[in-house]
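*Asks:* Here's my sequence, what's the structure:
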Amino acid sequence: MISIIIPVYNQAKKITKTLASIAKQTCTDYEVIIVNDGSNDGVEKVFSNYSKKIDSNNHYLFINQNNQGAPAARNRGQKVARGNYLFFCDADAVLHPQVLEIMLKTLESNPGVSYVYSSFKWGYKLFKLGNFDPDKLQKMPYIHTMSLIRRSDFPVNGWDENIKKLQDWDLWLTMLAAGKIGLWIPQVLFTVSPGGTISSWLPAAAYQLLPFLPAVIKYKRALKIVKEKHGL
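*Replies:* As a prediction, the model looks like this:
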């Protein structure tokens, strides 16, 4: 079974589309765990209203917690997860109907890898990602959070709750240090709505030509924190 864990903070307007795309999955062996990280936009009521319309045998769990950040919310979810596979889904993402089926088949067909990831779109912007490359991963973040992970290979300590930005890069580096690698699926399997988890995305040239921008300064500071942690 796949445990789909959704940390949500003030995404009431978007999460219904996410849940609807999950309900359309061709792979039906999953559970959904939503962790509300202190939202104040009525997301619990939105889920309650949506859940009344769900005609599904899948297990849904809604957890409330005080605002602690996405890593803490993901950890809360994975601690109660029952599946052999973990899929940390953003609350502003819409999934391709076959994303779970494709990822699961790929992972099961490649026993030497610990997780699989795909290309995706952020609005109309395509993020192709590319083949797994340990050297590239140590230089830059390029693998999205929304990957299918073997529960048995997931770090014992989970997500580092002290890392506030580039949390996915930190996780993949932690797994790489333990000899755990990933595999790229060359397909676009989900779309993320602008204004959410990577809303500060900027064209690559901006990081060189506009170093004074607050978003660039914040990004470079986060890079330094993760690199120092992993000795890069």
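
*Asks:* Okay, domains of this protein per the record?
*Replies:* 2-195, 202-232 (automatic domain parsing).

*Asks:* Would you tell me which one of these is buried the most?
*Replies:* Compared across the domains of the chain, domain 2-195 shows the largest average neighbour count, a mean of 18 (mean count of other CB atoms under 10 Å). Where you see a C-beta, it was placed from the backbone N, CA and C, and this is true even at glycine.

*Asks:* lowest average confidence, helix or strand, in the chain?
*Replies:* helix 206-209 (a mean of 45; mean pLDDT, DSSP states H and E).

*Asks:* Cross-check the contact I'm expecting between Pro71 and Asn157.
*Replies:* No: using CB atoms under 8 Å, Pro71 is not in contact with Asn157; the gap is 10.7 Å.

*Asks:* Could the C-alpha coordinates of the host helix or strand of Ile6 be exported in CSV?
*Replies:* Assigned by DSSP states H and E, Ile6 belongs to strand 2-8. Output of strand 2-8 as CSV, limited to C-alpha atoms (Å, rounded to 0.1, in the frame of the first residue of the first chain):
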residue,chain,number,x,y,z
ILE,A,2,1.1,3.6,-0.7
SER,A,3,0.7,6.2,2.0
ILE,A,4,0.0,9.6,0.5
ILE,A,5,1.0,12.2,3.1
ILE,A,6,-0.2,15.8,2.4
PRO,A,7,1.1,18.6,4.7
VAL,A,8,-1.2,21.6,4.3
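
*Asks:* Could you identify the helix or strand that succeeds that strand?
*Replies:* helix 12-23.

*Asks:* Run through the neighbouring helices and strands of that following helix.
*Replies:* Using 3 or more CB pairs under 8 Å, 6 or more residues apart in numbering; DSSP states H and E, the elements in contact with helix 12-23 are strand 2-8, strand 30-37, helix 43-51, strand 93-95.

*Asks:* Give me the residues contacting the helix or strand where Tyr117 lies.
*Replies:* Assigning secondary structure by DSSP H and E places Tyr117 in strand 115-122. For strand 115-122, the external contacting residues (CB atoms under 8 Å, 6 or more residues apart in numbering) are 99, 102-103, 106-107, 110, 126-129, 143-144, 146-150, 153, 175, 180, 182-192, 194, 198, 201.

*Asks:* One more: stretch 45-58?
*Replies:* By CB under 8 Å, 6+ apart, stretch 45-58 touches 12, 15-16, 19, 23, 28, 30-32, 34, 60, 62.

*Asks:* Mind putting those residues into JSON lines with distance to Glu228?
*Replies:* As requested, those are arranged in JSON lines below (distance: CB to CB, whole Å):
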{"residue": "Ala12", "distance to Glu228": "36"}
{"residue": "Ile15", "distance to Glu228": "35"}
{"residue": "Thr16", "distance to Glu228": "40"}
{"residue": "Leu19", "distance to Glu228": "38"}
{"residue": "Ala23", "distance to Glu228": "42"}
{"residue": "Thr28", "distance to Glu228": "43"}
{"residue": "Tyr30", "distance to Glu228": "37"}
{"residue": "Glu31", "distance to Glu228": "37"}
{"residue": "Val32", "distance to Glu228": "36"}
{"residue": "Ile34", "distance to Glu228": "33"}
{"residue": "Tyr60", "distance to Glu228": "40"}
{"residue": "Phe62", "distance to Glu228": "37"}
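
*Asks:* Can you tell me which one of those residues sits lowest on pLDDT?
*Replies:* Least confident of those in the model: Ala12, at 87.

*Asks:* isn't it right next to Ile34, touching?
*Replies:* No: Ala12 is beyond contact range of Ile34, at 11.4 Å (criterion: CB under 8 Å).
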